[in-house]
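Colleague: A structural model of the following input is requested.
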Amino acid sequence: MSQSWDYIAKIVSLGDSGCGKSSLTVRLCEGRFSPHHDVTIGVEFGSRIVPVGPPASLALGINNPSKADPPTSPSKQQQQPQKHMKLSLWDTAGQETYKSITRSYFRGASGALLVFDISRKNTFLSVTSWLHDLRQIAEEGIIVVLVGNKSDLASASTVSDQDQDAENKRQVSKEEAEAWCKANGVMEYVETSAKSGEGVERAFLEVAERIYQNIEAGKYDLNDRRSGVKGPGAGGGNTARLNLGMNDAARGKKGQQGWGGGCC
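Modeller: Below is the predicted model:
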């Protein structure tokens, strides 16, 4: 049986408690939203296989393909074999109580979603500290995307008299978040709603595509056990594992099975 992925990459989600990190992972892996979710203790796991590189990346316009490159004809795009990446998702706790544990899981990650709640300004103010912790522990050059979650709480600017309850709860503007990304060397800002699903897949694909670009550029040693990216040959086909972070040996099996044992 042919394998279903070409690469596997470790992705961590980090940010303050209550921002919806777990809900984003559940939405991506299971396509559902639960309004009630227990506080994450330490780390929880999920996984999802996504397409990376052309033709999928060209169709989605992810990673801003250079306009200087000649456009690829549709027939040529169809001839290119589509690559796939298995995202090993590590959803970390945001509570201060678990921070010392949480930081250990950043080690060896190749990508990260730095999440805040657009309706709570204090969670946005915390992302600088989270980014500092991440860059101190994770590998140099880790791919980071800033995610403003709960975009469903930012209603349209025009609200009818009959819908006064649909107030705009946004406390962080897109311009403010994008300016923060520029100032802190973060590649992209994406707004998501774990409730509606809007932007969720896009956020993870932004990270995956940039990791793939680094693979193509030869920036990872796919045979190095410390690397956050693996090729299928590193562990014998689909049995390749990411031996990264505390207690991975004990928890890795759960991570491979997906969120709660039922992910993609």
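Colleague: for residue 62, what are its contacts?
Modeller: 202, 205, 206, 209 (Cβ atoms under 8 Å, 6 or more residues apart in numbering). Backbone N, C-alpha and C define where each C-beta goes, glycine included.
Colleague: now, the residues you listed that are in helices?
Modeller: Among the contacts of residue 62, the ones falling in helices (DSSP state H) are 202, 205, 206, 209.
Colleague: right, and residue 206 touches residue 147 too?
Modeller: No - here residue 206 lies out of contact with residue 147, judged by Cβ atoms under 8 Å, at a distance of 9.2 Å.
Colleague: intersection of neighbour lists for these two?
Modeller: Joint contacts of residue 206 and residue 147 (Cβ under 8 Å, 6+ apart) are residue 190.
Colleague: hang on, the earlier thing: as CSV, the ones in helices among the contacts of residue 62 with pLDDT and distance to residue 151 would be great.
Modeller: Shown next, in CSV, are those (pLDDT from 0 to 100; distance: Cβ to Cβ, whole Å):
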residue, pLDDT, distance to residue 151
202, 95, 12
205, 96, 17
206, 95, 15
209, 96, 21
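Colleague: number of nearby residues for residue 140?
Modeller: Neighbour count of residue 140, defined by other Cβ atoms under 10 Å: 5.
Colleague: the strands in the stretch 151-264 of the chain, which residues?
Modeller: 188-191, 229-230 (DSSP state E, counting those that start in this stretch).
Colleague: now swap in the stretch 1-150 of the chain and tell me
Modeller: Chain-ordered strands for the stretch 1-150 of the chain, with DSSP E, counting those that start in this stretch as the definition, fall at 7-14, 43-52, 83-92, 111-117, 143-149.
Colleague: quick one: which of the ones you listed is nearest residue 128?
Modeller: Among the strands of the stretch 1-150 of the chain, the nearest to residue 128 by Cβ to Cβ is strand 111-117 (9.7 Å).
Colleague: so which elements touch that closest one?
Modeller: Judged by 3 or more Cβ pairs under 8 Å, 6 or more residues apart in numbering; DSSP states H and E, the packing partners of strand 111-117 are strand 7-14, helix 21-30, helix 121-125, helix 127-137, strand 143-149, helix 200-216.
Colleague: switch the cut-off to 7 Å
Modeller: Applying 3 or more Cβ pairs under 7 Å, 6 or more residues apart in numbering; DSSP states H and E, we find strand 111-117 packed against strand 7-14, helix 121-125, helix 127-137, strand 143-149, helix 200-216.
Colleague: any weak-confidence spans in the protein?
Modeller: Applying pLDDT under 70 to the chain picks out residues 1-3, 36-42, 63-79, 94-102, 155-166, 233-264.
Colleague: can you do 90?
Modeller: 1-4, 17-18, 33-45, 56, 58-80, 91-107, 139-140, 154-167, 221-228, 231-264 (pLDDT under 90).
Colleague: before we move on, the earlier item: including mean neighbour count, could the strands of the stretch 151-264 of the chain go into TSV?
Modeller: Shown next, in TSV, are the strands of the stretch 151-264 of the chain (neighbours: other Cβ atoms under 10 Å):
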stretch	mean neighbour count
strand 188-191	20
strand 229-230	26
